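S.K.: model the following, please.
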Amino acid sequence: MNVVLGVSSGIAIYKAVDLVSKMRKEGWNVQVIMTENAAKLINPVVFSAVGNCKVFTDTYEIENGWIIHTELSKWADVFVVAPATANTIAKLAHGFADNLLTTTALAFQKPSKIVVPTMNTRMYENPATIENLKRLQQLGWYVLEPESGHLACGESGKGRYPENEKIMEFIKIVVSEKPLAGKKVLVTAGPTQEEIDPVRFISNHSSGKMGYAIAKVAKMLGASVCLISGPTCLSVPYFIDEVVFVKSAGEMYREVLDRAEQYDILIMCAAVADYTPAQRSGSKIKKIEDKLVLELVKTPDILATLGQVKKENQVVVGFAAETEHVVENAIEKLIKKNVDIIVANDVSEAMGKDTNHVYVISKNKAVVEVEGTKEEVAKELLLRICENFC
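M.R.: Next comes the predicted model:
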């Protein structure tokens with residue numbers, strides 16, 4: 001992917017250097033345009049060295065026959081302005097073409113135009129800036145809102161430059177095809193914890209990485225996404241529409257069933273406990289006896305319940321973590337629980353890792369083997385759902 005990064009003279013400009021680095025690590029081709037004042041804050045050579053890219057500052061520069069603003073606008077797949085000052089935003093909103101950044105923006109005719117406002121809170125909340133951002137959106141620009149927090153001026157409020165990881169994710173969402181546009185996807189992820197007493201619980205080794213990857217990719221493909229997560233150490237993917245945190249299987253059951261009817265696709269990726277203590281001790285159980293016997297009772301079966309109550313045209317996807325006879329056991333689970341797709345894997349190969357090796361099994365018992373990073377597996381699964389059900 002070819003990216004033109006426009007850099008205006010906000011104090012957050014130093015963070016844009018890291019953004020260029022991240023783009024290059026992603027394998028993107030980057031060229032940078034700096035405004036005159038931006039070049040006074042950071043030497044253009046810094047961007048060039050970090051990004052192994054060309055940096056342009058002069059509107060009238062011609063290189064090897066290139067008229068730069070028109071050639072850059074044709075070359076780029078996406079145009080990003082980060083940081084974008086109030087001044088640059090005003091110019092873009094009203095079609096000014098008085099420097100290389102604004103002339104290139106005016107010539108750029110593809111839909112993937114992104115602006116990242118970064119400024120003092122009072123400037124950001126000024127009615128003129130608000131109107132300019134609205135106008136940019138009407139003109140087809142995507143606006144990534146700034147964060148709230150401590151600002152360079154010493155004040156606190158909205159206007160802070162977002163994390164570069166968030167900007168990268170936003171770019172991917174903007175440029176991705178949207179086969180799930182208009183669809184609502186509910187994803188469960190992570191383990192559950194079944195309390196024995198105030199300090200002990202029964203759980204499993206699930207990291208939640210697969211479920212989080214599915215939620216992230218579903219959003220990238222255009223869906224409205226709800227993520228219901230058990231306890232994990234993961235950061236929630238950016239831009240997820242609703243996130244619900246639970247601990248126990250009972251809590252997850254209630255949260256899923258409360259929402260299930262509203263969603264088109266239900267992907268039950270969480271490793272939910274099958275059993276829970278019959279009684280929870282209100283105080284810590286002391287180490288007195290040589291043996292401790294726990295009575296366990298079955299937890300509610302979320303997947304089976306969804307299989308019973310699912311609506312017409314609603315897709316239910318289950319996961320089967322197996323240790324032996326992976327495909328055979330998964331097919332049995334698919335039939336027994338009346339789901340549309342089951343995703344099976346050998347737990348010894350996947351838990352806690354960034355890769356996965358799964359078998360995607362449909363109702364007609366067709367088996368497709370998928371291997372790759374968890375995001376790659378998530379994308380393949382979601383695209384198969386689109387092909388067969390959307």
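
S.K.: contacts, neighbours, all on C-alpha from now
M.R.: Fine.

S.K.: pLDDT weak spots in the stretch 201-350 of the chain?
M.R.: 350 (pLDDT under 70).

S.K.: please enumerate the helices of it.
M.R.: If DSSP state H, counting those that start in this stretch is used as the criterion, the helices of the stretch 201-350 of the chain fall at 209-220, 249-259, 302-309, 326-337, 347-350.

S.K.: need the winner for burial among those helices.
M.R.: Among the helices of the stretch 201-350 of the chain, ranked by average contacts under mean count of other Cα atoms under 10 Å, first place goes to helix 209-220 (a mean of 27).

S.K.: start and end of stretch 317-330, how far apart?
M.R.: 12 Å (Cα to Cα, to the nearest Å).

S.K.: and stretch 98-111, what's buried?
M.R.: The neighbour-count check on stretch 98-111 (16 or more other Cα atoms under 10 Å) flags Asn99, Leu100, Leu101, Thr102, Thr103, Thr104, Ala105, Leu106, Phe108, Gln109 as buried.

S.K.: CA atoms only for that stretch, dumped as CSV, please.
M.R.: Output of stretch 98-111 as CSV, limited to C-alpha atoms (Å, rounded to 0.1, in the frame of the first residue of the first chain):
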residue,chain,number,x,y,z
ASP,A,98,-1.1,27.3,-0.8
ASN,A,99,1.5,24.6,0.0
LEU,A,100,2.5,21.1,-1.1
LEU,A,101,0.3,19.4,1.6
THR,A,102,-2.9,21.2,0.6
THR,A,103,-2.3,21.1,-3.1
THR,A,104,-1.7,17.3,-3.0
ALA,A,105,-4.8,16.9,-0.8
LEU,A,106,-6.8,18.9,-3.3
ALA,A,107,-5.6,16.7,-6.2
PHE,A,108,-6.1,13.4,-4.3
GLN,A,109,-9.4,11.9,-5.5
LYS,A,110,-9.5,8.5,-3.8
PRO,A,111,-11.9,7.9,-0.9
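
S.K.: and Lys374, how many neighbours?
M.R.: A count of nearby residues for Lys374, using other Cα atoms under 10 Å, gives 23.

S.K.: okay, now the domains of this protein?
M.R.: Structural domains annotated on the chain: 2-175, 184-389, as defined by automatic domain parsing.

S.K.: so how far is the shortest one from its chain's centroid?
M.R.: Put plainly, it is domain 2-175. 21 Å (Cα atoms, centre = their mean, to the nearest Å).

S.K.: now that domain: average pLDDT?
M.R.: Averaged over domain 2-175, pLDDT sits at 91.

S.K.: Gly318 versus Met119, what's the distance?
M.R.: Distance from Met119 to Gly318, by Cα to Cα: 46 Å.

S.K.: please say which of those two ends up with more neighbours.
M.R.: Between Met119 and Gly318, counting by other Cα under 10 Å, Gly318 is the more crowded of the two (27 against 24).

S.K.: surely that one touches Val339?
M.R.: Yes: judged on Cα atoms under 8 Å, Gly318 makes contact with Val339 at a distance of 6.9 Å.

S.K.: closest one to Ile240 among the helices of the stretch 201-350 of the chain?
M.R.: Minimum separation from Ile240 across the helices of the stretch 201-350 of the chain (Cα to Cα) falls at helix 209-220, 6.7 Å.

S.K.: indicate which one of the helices of the stretch 201-350 of the chain is closest to Val55.
M.R.: helix 209-220 (29.7 Å).

S.K.: thinking Met1 is in contact with Trp28, fair?
M.R.: Yes: between Met1 and Trp28 there is a contact under Cα under 8 Å: 5.0 Å.

S.K.: contacting residues for Ala304?
M.R.: Contacts for Ala304 (Cα atoms under 8 Å, 6 or more residues apart in numbering) come out as Lys336, Lys337, Asn338.

S.K.: for Lys15, see how far away the closest residue to Gln314 other than its chain neighbours is.
M.R.: In this structure, Gln314 finds its nearest non-sequential neighbour in Asp264, 5.0 Å apart by Cα to Cα, 6 or more residues apart in numbering. Separation of Asp264 from Lys15 (Cα to Cα) stands at 39 Å.

S.K.: who's more crowded, the two?
M.R.: Using other Cα under 10 Å, the more surrounded residue of Asp264 and Lys15 is Asp264, with 21 against 15.

S.K.: and that one, how far from Thr305?
M.R.: From Asp264 to Thr305 the distance is 16 Å (Cα to Cα).

S.K.: was I right about Val360 contacting Asn345?
M.R.: No: with contact defined as Cα under 8 Å, Val360 does not reach Asn345; the gap is 9.1 Å.
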